[in-house]
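Q: Sequence first, predicted model second:
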Amino acid sequence: MPLLRFEEFTAQPRRAAALRAKLGAVPGGRLFGLWQAQIGPSMNRVTRVSLWDGEPTATPEAGDPDVASVTTRVLTILTRGQTPVDPARGGIVTHRWFILPSADVAEMVAITTEAWTGFEGDTGSEPLGLWLDREQREPAHVLLMTWYPSLTHWERSRFWNSAAAGPEQQQRAKWGALFARRRQMLFDSWVTVHGAEA
């Protein structure tokens with residue numbers, strides 16, 4: 001099963017766009033997504049995610065003069081996770097990290113995938129996958145990436161946002177309860193929001 005390499009480049013000031021233009025090729029791997037954040041990290045951050053059939057190679061761009069630093073994680077697939085995002089769809093992609101006891105990861109995945117059954121239809125979203133950071137063993141670090149048609153769709157999909165409830169979200173009570181249950185399992189969680197363009 002492929003591995004996911006998740007790289008966060010911090011560009012030199014005012015060099016993020018130039019750096020991003022250099023990061024589209026992934027020799028030996030397949031590009032999953034390439035983003036600058038809309039909400040969350042520094043404006044100098046560029047995130048590149050790629051799929052690898054074997055061990056990922058070293059990041060050749062680490063020595064580029066536009067790079068101030070780079071952080072790399074290698075993750076294993078828990079569910080979905082092998083279909084790259086289609087930049088032609090537009091919309092946004094969220095990167096959400098979950099920190100939880102490693103003993104609870106399997107249950108967390110089961111709860112999440114059960115919730116997706118109604119969540120996708122009610123919100124127009126597409127969860128792209130769940131991945132486990134293989135170096136962070138206790139507590140576990142799990143990444144979820146999800147595509148949404150717009151930031152408004154993402155805001156309306158928050159399980160605690162009762163104002164979003166309506167006839168178009170007929171299964172909200174079920175998936176909302178599952179996501180609330182998942183939240184109780186966590187030590188921590190955070191999200192960043194990215195444009196879906198490549």
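A: Great, that's in hand. Numbers count the residues shown, from 1 in each chain.
Q: Beta-bridge partners for Thr146, please?
A: With DSSP bridges as the criterion, the beta-bridge partners of Thr146 are Thr94, Pro127.
Q: And the strands in this protein, which stretches?
A: For the chain, the strands defined by DSSP state E cover 3-11, 30-39, 45-52, 67-80, 92-100, 126-133, 140-148, 188-195.
Q: May I see those strands arranged in JSON lines, with mean pLDDT and distance to Ala106 as well?
A: Every residue, glycine included, has its C-beta placed from N, CA and C. What follows is those, written out as JSON lines (pLDDT from 0 to 100; distance: least, Cβ to Cβ, whole Å):
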{"stretch": "strand 3-11", "mean pLDDT": "97", "distance to Ala106": "19"}
{"stretch": "strand 30-39", "mean pLDDT": "92", "distance to Ala106": "24"}
{"stretch": "strand 45-52", "mean pLDDT": "96", "distance to Ala106": "23"}
{"stretch": "strand 67-80", "mean pLDDT": "97", "distance to Ala106": "9"}
{"stretch": "strand 92-100", "mean pLDDT": "97", "distance to Ala106": "11"}
{"stretch": "strand 126-133", "mean pLDDT": "97", "distance to Ala106": "10"}
{"stretch": "strand 140-148", "mean pLDDT": "97", "distance to Ala106": "10"}
{"stretch": "strand 188-195", "mean pLDDT": "94", "distance to Ala106": "18"}
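Q: Quick one: closest of these to Trp175.
A: Nearest to Trp175, of all the strands of the chain, is strand 126-133, at 11.3 Å by Cβ to Cβ.
Q: what packs against the closest one?
A: Judged by 3 or more Cβ pairs under 8 Å, 6 or more residues apart in numbering; DSSP states H and E, strand 126-133 is in contact with strand 3-11, strand 67-80, helix 105-123, strand 140-148.
Q: And the contacts of that strand?
A: 4, 6, 73-83, 85, 93, 105, 109, 112, 116, 119-120, 140-147 (Cβ atoms under 8 Å, 6 or more residues apart in numbering).
Q: List buried residues within these.
A: 4, 6, 73-75, 77-78, 80-81, 85, 93, 105, 109, 112, 116, 119-120, 140-147 (16 or more other Cβ atoms under 10 Å).
Q: Please produce JSON lines containing the strands of the chain, extended by distance to Ala180.
A: Listed next are those as JSON lines, based on distance: least, Cβ to Cβ, whole Å:
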{"stretch": "strand 3-11", "distance to Ala180": "27"}
{"stretch": "strand 30-39", "distance to Ala180": "23"}
{"stretch": "strand 45-52", "distance to Ala180": "28"}
{"stretch": "strand 67-80", "distance to Ala180": "20"}
{"stretch": "strand 92-100", "distance to Ala180": "14"}
{"stretch": "strand 126-133", "distance to Ala180": "17"}
{"stretch": "strand 140-148", "distance to Ala180": "16"}
{"stretch": "strand 188-195", "distance to Ala180": "13"}
